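Trainee: Attaching a predicted model along with its sequence, questions to come.
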Amino acid sequence: MTGRGIIVSSWVGDLVFAATAIPAAAGVHAFEGVALATALALFFASLPAWAWAFVVAASRSAQGDDIVIGNMFGSIGGATRDVRVHLFGALAVCIVVAVATITTEPFGIMVPMLPLGFVGLWAARHGSFPPRRETGTRRA
């Protein structure tokens, strides 16, 4: 599977988030601080993923690919079904955990930014996009 590292990273982030947020939400007081730190760490880890995705997309766009936000995060650049299932599945699981644990771990609502960033990163690195069309004449 192309981009396996990105896909695995998305699921690992979900696993780490769930392993700390769910016990904290269940009332295990020892996990409260850990869940908070984990949620913040995963959110801050999403920032480089987003930046990397946009830098790669801008580079590919400058080279002639027609990359738009909708293609990056919607169709994931024509990704195969199994890639879409894994990336959007990890995002869905993360959202469910965030919503289920929001009363005890409010910072967890920011964690889905990580799997969403991985969606964009996968598309920017491995997606296929049509060539950009010229929209007008260039002036000398």
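Mentor: Good, I have the coordinates. Please read all numbers here as calculations on a predicted model, not as lab measurements. Numbering: from 1, shown residues only.

Trainee: Would you state the helices of this structure in chain order?
Mentor: Remark: helices assigned in the chain by DSSP state H are 4-25, 32-62, 69-70, 81-100, 113-126.

Trainee: and these, which one is worst for confidence?
Mentor: Lowest mean pLDDT within these: helix 69-70, at a mean of 80.

Trainee: Tell me who's in contact with Val97.
Mentor: 14, 17-18, 21-22, 108, 111 (Cβ atoms under 8 Å, 6 or more residues apart in numbering). Every residue, glycine included, has its C-beta placed from N, CA and C.

Trainee: picking that back up, which one of the helices of the chain lies closest to Arg133?
Mentor: Set against Arg133 and scored by Cβ to Cβ, the helices of the chain come closest in helix 32-62, at 12.5 Å.

Trainee: Endpoints of stretch 59-69, how far apart?
Mentor: 14 Å (Cα to Cα, to the nearest Å).

Trainee: If you drop the residues flanking it in sequence, what lies closest to Pro130?
Mentor: Using Cβ to Cβ, 6 or more residues apart in numbering and skipping the chain neighbours, the partner closest in space to Pro130 is Asp66 (5.1 Å).

Trainee: Surely the one you found is in contact with Gly127?
Mentor: No. Asp66 is beyond contact range of Gly127, at 11.2 Å (criterion: Cβ atoms under 8 Å).

Trainee: between those two, who's got more neighbours?
Mentor: Neighbours around Asp66 and Gly127, counted as other Cβ atoms under 10 Å, are more numerous at Gly127. The numbers are 23 against 12.
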